[in-house]
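Chemist: Structure of the sequence below:
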Amino acid sequence: MILIIYFICFLNLNQDDWKTYYADKKVEISFKSQLCDDRKNGFAFEYYIMRVKNLTDKTYVINFFKGTEENLEEKIAFVLDPFETKTGKCEYDPIKLRIFKSENIKSKSGPKIEFNLSKIDVIEVQ
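Modeler: Below is the predicted model:
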C-alpha cells in the first residue's frame, strides 16, 4: 500500500515540471527543461522537451516553428490522433519535439535560449 502511494506521489511530482505554453479547446502544448546526457560521446546538453496533447476526439495536423523566426529548417508538422499525446525525448525522434537550451549545464556559461514557438496552427483532418 505504501509503495502505491509513493508511486502516485512520484507521478504527480513529475507532472508538475511541465509548463503550459499554449492551450485552447483542441490542444495543449507544454514544455520542461531536461538534461540529455550522452555519456558515450561525452556530451551533456540541456533541452526544452515538448508535450503536445489532443484534448478532443478529432484528428488534427499540428504545425509550428521552433523559435520566434519562421525558419523552414525549424518547422514542425505532425498528425495528432484523438486524445493522443506526443512527447519529445533526448533520443532520436523524427518529429523532434525538443529545442536546444544550453550546452553542458554544469559550466553555467553562455546564454540560455528561451522557449518560444511561433505560428502555431491546429488544422482538423476531415
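Chemist: Check whether the most centrally placed residue in the chain sits in a helix, strand or coil.
Modeler: The centre of the chain sits closest to Met50, judged by CA atoms, centre = their mean, with a distance of 0.5 Å. With DSSP: H, G, I helix; E, B strand; the rest coil as the basis, Met50 sits in strand.
Chemist: Next, the contact list for it, please.
Modeler: By CB atoms under 8 Å, 6 or more residues apart in numbering, the contact set of Met50 is Ile29, Ser30, Phe31, Thr87, Gly88, Leu97, Arg98, Ile99. To be clear about C-beta, it is placed using only N, CA and C from the backbone, and glycine gets the same treatment.
Chemist: Which one (most neighbours) among those residues?
Modeler: Phe31 (24 neighbours; other CB atoms under 10 Å).
Chemist: quick one: strands adjacent to the host helix or strand of it?
Modeler: Element membership of Phe31, judged by DSSP states H and E, is strand 27-38. With DSSP bridges as the test, strand 27-38 is paired with strand 19-23 (antiparallel), strand 43-54 (antiparallel).
Chemist: quick one, which of those strands is packed in tightest?
Modeler: strand 43-54 (a mean of 20; mean count of other CB atoms under 10 Å).
Chemist: List the buried residues in the strand holding Phe31.
Modeler: Counting neighbours by 16 or more other CB atoms under 10 Å, one finds that the buried residues in strand 27-38 are Val27, Glu28, Ile29, Ser30, Phe31, Lys32, Gln34, Cys36.
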